[in-house]
Every structure is written in C-alpha cells, then in structure tokens.
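Asks: missing the sequence, but the structure's below:
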C-alpha cells in the first residue's frame, strides 16, 4: 500500500468510509417519542448523516432500522429471539443490509454476554464475511456505553471508534441526549452506527420500548 494512503474497511459500503477522521454528533429524539431513536450529524457541516428508528417508530420490539440522511434504509438490526436464544448466555443481534428489492443479507452479528458468569467478557462483533481471521471476533466494545465513555477496538487492539461527550457539548447541553462519536479513517460509519444503535437498545436508551 502506498505511503499515506488510508486503508478502507467497507462493511456496508465504501461510500461510508472517509479518508480522514470524522467527528459526528448524536442527538437522541425527545423522550416523549417512546423508543423513537436518534439522529447523527456531521459536527463540521451540521448535515444529518444517519437516522435510527427505534421500536416506538417501527412498532416491533428487538428491531431497529438505520437510514441515511435522505431517509433511505441501510441496515435492519434484529435481535434473535426464541427458546434457544432465551436459554443462551448471550444476547444476539444481526445486522442486515437492504437492497432495492428489500432482500436481506447478513453483514455482521453482535454478541452481548448476559450470564453473570460472563460479565467480564466484552461485547464482541463478527463481520460476515470475516474481516479478520486470527481470532473469533473482529471488534469488541470496551468501556461503558451508558456513561458515553467507551470505544470500539479491532482484534489488534487499535481503537477505531471513540464514544464520548465533548466538554463544550457537556457544558452547553448538560444532557446525555447529546454525545459525539469519533470514527477513525477508513472505518465504515454506517456499520459503526448500526453497532451504536444496538448498544443504545441493549442499555434501554432512546431506541428501546
């Protein structure tokens, strides 16, 4: 690879991979809209980049939709349910891309340990097809999402996404309804916010009913 060239890692599409670091602002929808979701804007241009519809919009628990700034669906996010899942030590989610014919293709799955025996284990994500083959996972969540102090780390230990609250946002808003996400160059931003939408739901925040 040529020096200075950013390595792209498209999971949804290379259209959502930037050659430079990107800072995005997440704004949760008003609490009166139960399970309404959130909106993602570019911190520099204020342009809406993504929207997430929660179960209050869709009318279905355990299902979320990530849309682009124009309102076109990019990802269907669905929690696996059933007897096998109820007895599992993991809470399992899958992310599906949606094409123009509305056919679905799995692009990643996320496992959240729910057993007390696995509480020290991180939430881990596997892409399909696999991005990395040296471990049983491609990315993991470190830190605590409800505190808006966590990161997405690849299997080599590199931080590729950082979730936090900028001091200026914290001082002005004094609310956890606003937080920022820093995405490293080359990382698929649609994939990132699909994962964040699932975390939001797991921890009973803006997408949860």
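Replies: Nice, thanks for sending it over. Since we're looking at a predicted model, the values are computed, not measured. Residues are numbered from 1 along each chain as shown.
Asks: what are the ranges of the strands in this structure?
Replies: Along the chain, the stretches classed as strands by DSSP state E are 22-28, 37-42, 48-53, 63-68, 73-79, 90-98, 104-113, 123-127, 139-144, 149-154, 159-164, 178-183.
Asks: list the buried residues of the longest one.
Replies: I take that to be strand 104-113. 107, 108, 109, 110, 111, 112, 113 (16 or more other CB atoms under 10 Å). C-beta here means a position set from N, CA and C on the backbone, and glycine is covered the same way.
Asks: could I get those residues as CSV with pLDDT and distance to residue 124?
Replies: Output for these, formatted as CSV (pLDDT from 0 to 100; distance: CB to CB, whole Å):
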residue, pLDDT, distance to residue 124
107, 95, 16
108, 96, 11
109, 95, 9
110, 96, 7
111, 91, 6
112, 87, 9
113, 83, 9
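Asks: what's the closest of these to residue 63?
Replies: The nearest member of the buried residues of strand 104-113 to residue 63, counting by CB to CB, is residue 110 at 14.1 Å.
Asks: isn't that closest one right up against residue 127?
Replies: No: judged on CB atoms under 8 Å, residue 110 makes no contact with residue 127 at a distance of 10.4 Å.
Asks: relative to residue 50, how far out is the closest residue to residue 78 other than its chain neighbours?
Replies: Residue nearest to residue 78 in three dimensions, not counting chain neighbours: residue 63, with 5.2 Å by CB to CB, 6 or more residues apart in numbering. Residue 63 sits at a distance of 17 Å from residue 50 (criterion: CB to CB, to the nearest Å).
Asks: the two: which is more packed in?
Replies: A count of neighbours by other CB atoms under 10 Å puts residue 50 above the other of residue 63 and residue 50, at 24 against 18.
Asks: the closest residue to the more buried one other than its chain neighbours: what's it in contact with?
Replies: Closest residue to residue 50 apart from its sequence neighbours, by CB to CB, 6+ apart: residue 40 at 4.1 Å. Residues in contact with residue 40, defined by CB atoms under 8 Å, 6 or more residues apart in numbering, are 24, 25, 26, 27, 48, 49, 50, 51, 52, 181, 193.
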